[in-house]
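Asks: Need a 3D model of the following:
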Amino acid sequence: MQQSWANYGIDLHLELTGSRIRAGLEAALRDAMRTGRLEPGIRLPSSRDLAADLGIARNTVADAYSQLVAEGWLEARTGSGTWVTARPAPAAQPSVRAARSSAALRYDLRAGVPAVSAFPRRAWLAAARTALGSADDIALGYPDPRGLPELRAALAGYLGRARGVIASPENVIICAGFAHGLALICQVLAERGGTAVAMEAYGHLLHRRIVAAQGLRVLSLRVDDRGAVPGDLGPADSSADGGPARAPRSRSPAVISAVVLTPAHQYPLGMTLAPARRNAFAGWAARTGGLIIEDDYDGEYRFDRQPVGAMQALAPEHVVYAGTASKSLAPGLRLGWLVVPATMTDEVVAAKETSGGINGTLDQLTLAALIESGGYDRQIRQSRLAYRRRRDRLITALRRQAPDVRLTGIAAGLHALAELPGHESEADVTARAARHGVAVDGLAAYTATGYERGPALVIGYGRPAEHAFTTAVGRLGAALAETDR
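Replies: Predicted structure coming up:
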């Protein structure tokens, strides 16, 4: 005999096999607990309800429960029902070496993640209550692939006010972060017949893979102390503050359809794209019909300089502006936005529909309410102050412990570039840091093939919890003060 049942209180499916009903029930429950489908702390249905679901005698269920209580799998609490107490068999343990390595790296100073412990939980909860209280039934149905109109309108207003972006709700498209937005734009470029995308030679290597995955060739642009070099786009741009059009070794005659830039704060080197070069790139786009994809990943975070507006305002019909809530709130929200030229909005929306990457409505409504209430601006200001303090503590600690290390790119953003003495190697320094329990990346992890600067570390000061930050920085300073010579 085989019976299947689903108890809708705990959504658990069991199969009873064999002719002995009680033995079959006991075996099914043991198996569910042993494999972890019934976890410790779950309350089982009453013997009456389970008997009704299975179509068997209540005493049979009660006897099975009593047996499992006696074996230690279950606990009967007077007036509170029967609860799972047994833990499933432990999974295979990692090797001792892997466990020690994982435990040793207690402090994470890798770039790219904000202080998620500073997420504004109360403000988010208040905004969620407001959003749910005012949401109509339509908002809870299948969402518009462009994103909810409430959030698109709120973002258009915020980006115009805070970043100088020229936007209307009609050309704002919600996505799941920059990587998702980049994939959508590149899909459209490929469908239009594009063949190549130029990217800064230093940046997030995942973004290069995303471009390549759409069948587009990735070409590299040199980066110097004024940002990306527009002269690498071709001889016609050689007069535009980029110096002569000296091409890198990977130079190809392939036609460039788009350029990906981080103009507000180059990632990870940290400089701001010089005004003349901004104009040069915008001129290239207008002259050739090319596209600029502006990654404004931490444009709100500036410390020792005047605010730098978005590049999009120079050529709104040739620039896709991309921003996210990943650094301002938390990466786990998976909320980002594109401000797209009107000539490609429909194509990007179509690409998003076919990708299946539709954002949840509740988080969109909540973010819209947070922006409209001023809570988003308050979070940015508070975070800016907190990150500036962390940056200052990093500067002070490394000047004291490792005076030969030069910190650059520190006027804005959530990371610093630590230029190492010429005799050091990034691999040796990161290994020493690991021995001190600190995870940190070398610049090589962000560098395209064929390009090279001096040895450096990319130090993120967002990840550690506040109580651990001083220790993390101190341990990194100790590692930098050592030598392998």
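
Asks: ok, the residue minimising distance to the centre of the chain - contacts?
Replies: The residue lying closest to the centre of the chain (Cα atoms, centre = their mean) is Pro331, at 4.0 Å. Pro331 sits next to Val113, Pro114, Val116, Gly177 when contact means Cβ atoms under 8 Å, 6 or more residues apart in numbering. Quick note: C-beta positions are derived from backbone N, CA and C, even for glycine.

Asks: please redo it, this time with the cut-off set to 7 Å
Replies: Val113 (Cβ atoms under 7 Å, 6 or more residues apart in numbering).

Asks: what does the model give Val61 for pLDDT?
Replies: Val61 carries a pLDDT value of 85.

Asks: Which parts of the stretch 151-300 of the chain are strands?
Replies: Shown for the stretch 151-300 of the chain, the strands assigned by DSSP state E, counting those that start in this stretch span residues 172-175, 196-200, 217-221, 223-224, 227-228, 256-261, 291-295.

Asks: go on, the stretch 351-485 of the chain?
Replies: 406-408, 415-419, 438-439, 441-442, 456-460.

Asks: Figure out which of the ones you listed is closest to Val340.
Replies: strand 415-419 (28.2 Å; Cβ to Cβ).

Asks: which helices and strands does that closest one pack with?
Replies: Counting contacts by 3 or more Cβ pairs under 7 Å, 6 or more residues apart in numbering; DSSP states H and E, strand 415-419 packs against helix 375-401, strand 406-408, strand 456-460.

Asks: what angle separates the last one from helix 375-401?
Replies: If I follow you right, that is strand 456-460. Strand 456-460 runs at 140 degrees relative to helix 375-401, counting by axes from the mean of the first three to the mean of the last three Cα atoms, to 10 degrees.

Asks: Distance from strand 456-460 to the middle of the chain?
Replies: 18 Å (Cα atoms, centre = their mean, to the nearest Å).

Asks: Under the pLDDT cut-off, which ranges of the stretch 151-300 of the chain? List them.
Replies: Where the stretch 151-300 of the chain drops to pLDDT under 70, the residues are 234-254.

Asks: Helices along that one, start to end?
Replies: Secondary structure of the stretch 151-300 of the chain (DSSP state H, counting those that start in this stretch): helices located at 178-191, 205-213, 275-288.

Asks: Can you say which of those is packed in most?
Replies: helix 178-191 (a mean of 23; mean count of other Cβ atoms under 10 Å).

Asks: Which elements pack onto that one?
Replies: helix 205-213, strand 291-295, strand 319-324, strand 336-339, helix 345-355.

Asks: ok, and for the last one, which residues are buried?
Replies: Of the residues in helix 345-355, those scored as buried under the neighbour-count criterion (16 or more other Cβ atoms under 10 Å) are Thr345, Glu347, Val348, Val349, Ala351, Lys352.

Asks: okay if I get those as TSV plus pLDDT and distance to Ile395?
Replies: Converted to TSV, the buried residues of helix 345-355 look like this (pLDDT from 0 to 100; distance: Cβ to Cβ, whole Å):
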residue	pLDDT	distance to Ile395
Thr345	96	43
Glu347	97	46
Val348	97	41
Val349	95	45
Ala351	94	43
Lys352	93	42
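
Asks: May I see those organised as CSV, with distance to Gly55 added?
Replies: Formatted as CSV, these follow (distance: Cβ to Cβ, whole Å):
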residue, distance to Gly55
Thr345, 58
Glu347, 57
Val348, 55
Val349, 52
Ala351, 52
Lys352, 48
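
Asks: where's Ala139 relative to Ala369, distance?
Replies: 12 Å (Cβ to Cβ, to the nearest Å).

Asks: In terms of neighbours, single out the busier of the two.
Replies: With other Cβ atoms under 10 Å as the criterion, Ala139 and Ala369 differ in neighbour count, and Ala369 comes out ahead with 26 against 18.
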